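Student: Have a look; sequence and predicted model below, questions after that.
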Amino acid sequence: MIIGVIGDAHCGDLEAKLAEEVGKNIACSKAILICGGLGGVMEAACRGAKSQGGLTVGVLPGFSQREANPYLDIPIVTGLDQARNVVIVRSSQAVIALGGGYGTLSEIAFALKMNVPVVGINTWTLGKEGKGIKDIIPAKDAKEAVEKAIKAVREKGEPFGEGTN
């Protein structure tokens, strides 16, 4: 199972700690973590996954592996800048959004458009015509976020979801 982690490249200590816990829970669930490969939420999530022996993949925006955070196993150099967000989402079976700016919002939108489940912790809320849209699955903590992401993948009947917790 491949779970994307999306969030800001610059985050505070509390958000970094939460992202690290998400990464740990992804690895403990035997899932692969994919992200944008830079700092902030992405680096913290990768650090957490690596601490539990997990596999991490980063889809980098630029032209060099040097921009990758030190916790990536597989850096994918794209030269696509923000367009890489589509690759991250398309490669994920579910995404977990942590906080985030407009880049995270774009990834949420791509995921919803592509029918990839989105679990959110302290992230964007959506509305249209003055009414809230409940398409982002809320979670209160890292453990619940990963559990809900895995459940959403299984409910969709994704082929790679077999054999994971």
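Tutor: Noted; the coordinates are in hand.
Student: need the next SSE after the helix or strand of the chain with the lowest mean pLDDT, C-terminal direction.
Tutor: Least confident helix or strand of the chain, by mean pLDDT, DSSP states H and E, is strand 131-133 with a mean of 88. Using DSSP states H and E, the next helix or strand after strand 131-133 towards the C-terminus is strand 136-138.
Student: Check the gap between the nearest residue to Ala31 once chain neighbours are set aside and Lys30 for me.
Tutor: Distances taken as C-beta to C-beta, 6 or more residues apart in numbering place Met1 nearest to Ala31, at 4.2 Å, with adjacent residues excluded. Heads up, the C-betas are built off the backbone N, CA and C, glycines and all. Distance, Met1 to Lys30, using C-beta to C-beta, to the nearest Å: 8 Å.
Student: Who has more neighbours out of these two?
Tutor: Applying other C-beta atoms under 10 Å to Met1 and Lys30 shows that Met1 carries more neighbours, namely 22 against 15.
Student: Quick check, that one in contact with Leu33.
Tutor: No - using C-beta atoms under 8 Å as the test, Met1 is too far from Leu33 to be in contact (10.3 Å).
Student: anything in contact with each of these two?
Tutor: Common neighbours of Met1 and Leu33, counting by C-beta atoms under 8 Å, 6 or more residues apart in numbering, are absent.
Student: Between the two ends of stretch 28-37, how far is it?
Tutor: 20 Å (C-alpha to C-alpha, to the nearest Å).
Student: pLDDT (mean, whole number) over it?
Tutor: The average pLDDT within stretch 28-37 is 98.
Student: ok now that stretch, how far from the chain's centre?
Tutor: Relative to its chain's centre, stretch 28-37 lies at 8 Å (C-alpha atoms, centre = their mean, to the nearest Å).
Student: Enumerate the positions of it that are buried.
Tutor: Within stretch 28-37, the residues that count as buried by 16 or more other C-beta atoms under 10 Å are Cys28, Ser29, Ala31, Ile32, Leu33, Ile34, Cys35, Gly36, Gly37.
Student: could you dump the residues you listed to a markdown table with secondary structure and distance to Leu55?
Tutor: Formatted as a markdown table, those follow (DSSP: H, G, I helix; E, B strand; the rest coil; distance: C-beta to C-beta, whole Å):
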| residue | secondary structure | distance to Leu55 |
| --- | --- | --- |
| Cys28 | helix | 12 |
| Ser29 | coil | 12 |
| Ala31 | coil | 9 |
| Ile32 | strand | 5 |
| Leu33 | strand | 7 |
| Ile34 | strand | 9 |
| Cys35 | strand | 12 |
| Gly36 | coil | 16 |
| Gly37 | coil | 13 |
